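Visitor: need a 3D model of the following:
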Amino acid sequence: MAADSEPESEVFEITDFTTASEWERFISKVEEVLNDWKLIGNSLGKPLEKGIFTSGAWEEKSDEISFADFRFAVTHHYLVQESSDKEGKDELLEDAIPQSMQDLLCMNNDFPPRAHCLVRWYGLREFVVIAPAAHSDAVLSESKCSLLLSSVSIALGNTGCQVPLFVQIHHKWRRLYVGECQGPGVRTDFEMVHLRKVPNQYTHLSGLLDIFKSKIGCPLTPLPPVSIAIRFTYVLQDWQQYFWPQQPPDIDALVGGEVGGLEFGKLPFGACEDPISELHLATTWPHLTEGIIVDNDVYSDLDPIQAPHWSVRVRKADNPQCLLGDFVSEFFKICRRKESTDEILGRSPFEEEGREITDITHALSKLTEPAPVPIHKLSVSNMVHTAKKKIQKHRGGEESPLNNDVLNTILLFLFPDAASEKPVDAAPSADHNKPLTESEEYNLYNQFKSAPSDSLTYKLALCLCMVNFYHGGLKGVAHLWQEFVLEMRFRWENNFLIPGLASGPPDLRCCLLHQKLQMLNCCIERKKARDEVKKTDNTTNTYPGNSGKIGDQLGSDNLKDTDKEKGEVGKSWDSWSDSEEEFFECLSDTEDLKGNGQESNKKGGPKDMVNLKPEGRLLQHGKLTLLHNGEPLYIPVTQEPAPMTEDLLEEQSEVLAKLGTSAEGAHLRARMQSACLLSDMESFKAANPGCSLEDFVRWYSPRDYIEEEVIDEKGNVVLKGELSARMKIPSNMWVEAWETAKPIPARRQRRLFDDTREAEKVLHYLAVQKPADLARHLLPCVIHAAVLKVKEEESLENISSVKKIIKQIISHSSKVLHFPNPEDKKLEEIILQISNVEATIARARSLKAKFGTEKCEQEEEKEDLERFVSCLLEQPEVLVIGAGQGHAGGIIHKLFVNAQKLTESSDEAATTGPPEDELKRMGSPEDRRQNSSDFPPPAGRELILRTTVPRPAPYSKALPQRMYSVLTKEDFRLAGAFSSDTSFF
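Guide: This is a model prediction of the structure:
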């Protein structure tokens, strides 16, 4: 044991005196990152295609390392390309220079319109950047910069990485980088100069060539030719001669009534300011050689008109104010408000009514009285009735949020039937409002769960939107809504149908508010029909009922049993509800009921019923006769099933679900759902005394009565019928209901649909809606209207990219709006998308106005211009076909000429100083050289100088050298990449 442990103790006594410094650890971390990203060795790719820097996909990887306690972010930027076959080239290209050095000389991608700054300056497809991780941190001292660059150089040498590695120094806004690239026996140093003010000798080509040659320090004479690429960028900012065509809406005309009420149904559209702020023209000389051109402080051959390449980009205004986007956004803001209508407007106008009518039973009796209202009460002035007085009364002398003119205009737009002096009976039913074509525009309300574009709900949403934006904001919305609710009550009390709503039960494809208004219209229809019957009964003592309407709906032969089997909650078999709500309509005196056999045997067999007087017949059912006595079978007048809105259906389904799955619960559920069936059975018994269940089934559900041909005793073929198997099940719901049903005509039955109660529920629902609730209900309609408006405007411009975005908006909106209570964030996204589309269409119109596409006489030129404008919207930079000599180039030239004339005339008017002031105004020699041109001095001058020379000795390998220069008004930058041979120097 002792012998074994001795060597171990000796090992532990060895002391390692080598301690890694922070600098060495930093270098090690850089090497580790390069190895992890597999950036070791030479990886030659394909030659770069033209325009690949803009059209190709760029990706990046990031990691974080630290030098002591200073954190750096390491980022690898690279162009995604198909990998080339490396294995076959490794032997041949063992001593090949790195890919990045070859890219320095590539001319296919000079001046890319959209790329990382290092890509633009050096033409690299792949590089790594080490920069301070925190935005506020910066490497400022020269010693730290040198230390970082030394670290990079050691890491590249140790790993064999041939990807350029840059270090960002100084403040980040300066975008100042230094770096290095190493290959087998070669090295490229990336250096940079950044100045605020440029020395005069470097504002032209000849001065920059001097810098480039002196930096190369090539010992050869003569020096190999230098390849030159030049780009001048001219900026057009003055669009005064092309005024922005969008006119703001005339609010005074709207209020004054000059335009008319229909303006309230139209959404505004367009940008309030020019959405195109600048036009940038880049004139490029891509392949020049030293000696071909002259460009110095006295003279320049670089005339932009003669440049072989022109390209244009437009600078878009940041977040231009757009009318449609603002309208929808402001309306959406109401959704976040929590005040009620009463809190916004003051005391409720219903409080005073509460004092006058303290007993609710009196109120209900008043509501159900068929008091005729004179037609003159429908005038617009009377539509703004008691609410206005009460609002003013509660507020004292304060003015109401909406003045009478605006309110009358809106109400007349919403309720056009009030303008005519004809009876409301003649008001068109909503059937004519249904769209003639089932195109996408008309189906949007189904996708968005909004309302048809010609409906009252849709118009109300647009009016509230307009009021919110122009006429009083939230108070105006609350005021208009209160007037609307009072108008709904006025129409209910006086039997006036609501215009702009499709007849029939509520459409569950629409928003809940639209369903509620349809429900109220159903109530008004029923109440109106009932009151008319009362008048008729008082004069003729007969009951035609709503036979005409029902007769149209019922066929004389077969009926769909599925429609009849949809039972609604109502009266049960054994007087389901004995509450005070049970009452009878018309001739409901007890003597009549007794005389017609209501107190007869409960089973209601044929023998007991045969002597009853038939009542409530609609029409004879073809050739069918009763099975027992051979009398003709009559279709009875029946009650229509109760219409339901989606919230009522949800409540009903919850009640039915709570009954559970027990036998008793199932039986109770069946009875609740069979109210309509029971009512129809009672009507059938009253219309057909002596009938049986088989007779009822033959009419109500023909499929449940099976007839077969049989031979009787005499040998004749006769038809014999019997009930289907499901009708013979013991304790059958139909059999039980038939035994319970009494022969009572529809007019004496308890109403399946209590229109008075339902109408009051709807009116109460409307009255308690806060503006925020209202905005939530109507926002789908507003988005629907906005999408229709955008589609309409886009169809005039025909922009393919906008068409795709509109389809995406419709798809996104249909998913979001179909769910109840959509998230605010998703709604904001939809509104932002609509605003962006509006801005894009406004930009297209602005460009078309500036380029005069409508003024082109030749169709071919017009198409080319429209295509050019479309590309300007979709691409970062567009090549001008024919450069300055082409049609588009000529228009751009004129734009600059006109802008220059305006500038010169304004300068002449402003110049009254001495000659030396004039010289100062003209600025630098560069400005003076360009003054005589049709173009202003270039806002940016970019030059790329390239050559291949041996460095540092004449016998060194010839390597690529490159220098990029950019000169703007407040910025001068030189970015050089200088290669040298490290083997033969």
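Visitor: hang on, isn't Gln321 packed against Glu273?
Guide: Yes - the criterion here is C-beta atoms under 8 Å, and Gln321 meets it with Glu273 at 6.0 Å. C-beta coordinates here come from the backbone N, C-alpha and C atoms, glycine included.
Visitor: quick check: Ala767 vs Thr233, distance?
Guide: Separation of Ala767 from Thr233 (C-beta to C-beta, to the nearest Å): 64 Å.
Visitor: what about the spatially closest residue to Arg71 that is not a sequence neighbour, how many residues nearby?
Guide: Closest residue in space to Arg71, ignoring its immediate chain neighbours: Ala133 at 3.9 Å, by C-beta to C-beta, 6 or more residues apart in numbering. By other C-beta atoms under 10 Å, the residues close to Ala133 number 15.
Visitor: contacts only, for Ala133.
Guide: Counting by C-beta atoms under 8 Å, 6 or more residues apart in numbering, Ala133 touches 64, 71-73.
Visitor: Ala767 and Thr233: who's more crowded?
Guide: Ranked by neighbour count (other C-beta under 10 Å), Ala767 and Thr233 place Thr233 first, with 20 against 17.
Visitor: run me through the strand neighbours of the helix or strand where that one lies, direction for each.
Guide: Using DSSP states H and E, Thr233 sits within strand 227-236. Using DSSP bridges, strand 227-236 pairs in its sheet with strand 276-289 (antiparallel), strand 940-950 (antiparallel).
Visitor: what's the nearest residue to the most centrally placed residue in the chain if we skip its chain neighbours?
Guide: When C-alpha atoms, centre = their mean is applied to the chain, the residue found nearest the centroid is Ile830 (2.6 Å). Nearest residue to Ile830 in three dimensions, chain neighbours excluded: Ser813, at 5.3 Å (C-beta to C-beta, 6+ apart).
Visitor: and for that neighbour, the neighbour number?
Guide: By other C-beta under 10 Å, 27 other residues sit near Ser813.
Visitor: surely it meets Lys449?
Guide: No - here Ser813 does not reach Lys449: they are 9.9 Å apart, not a contact under C-beta under 8 Å.
Visitor: hmm, back to that, just the pLDDT for the residue nearest to Arg71.
Guide: Looking at Ala133, its pLDDT stands at 91.
Visitor: circling back: and of the strands paired with strand 227-236, who's closest to Asp301?
Guide: Proximity to Asp301, assessed across the strands paired with strand 227-236 by C-beta to C-beta, is greatest for strand 276-289 (9.5 Å).
Visitor: alpha carbons only: can I get the helix or strand following the closest one in PDB?
Guide: For strand 276-289, the following helix or strand on the C-terminal side (DSSP H and E) is strand 309-316. Extracted in PDB, the C-alpha atoms of strand 309-316 (Å, rounded to 0.1, in the frame of the first residue of the first chain):
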ATOM      1  CA  HIS A 309     -26.700  53.200 -65.000                       C
ATOM      2  CA  TRP A 310     -29.500  55.000 -63.200                       C
ATOM      3  CA  SER A 311     -31.300  53.500 -60.300                       C
ATOM      4  CA  VAL A 312     -34.000  55.100 -58.100                       C
ATOM      5  CA  ARG A 313     -35.300  54.500 -54.600                       C
ATOM      6  CA  VAL A 314     -38.000  56.400 -52.700                       C
ATOM      7  CA  ARG A 315     -37.900  57.300 -49.100                       C
ATOM      8  CA  LYS A 316     -41.300  56.800 -47.400                       C
END
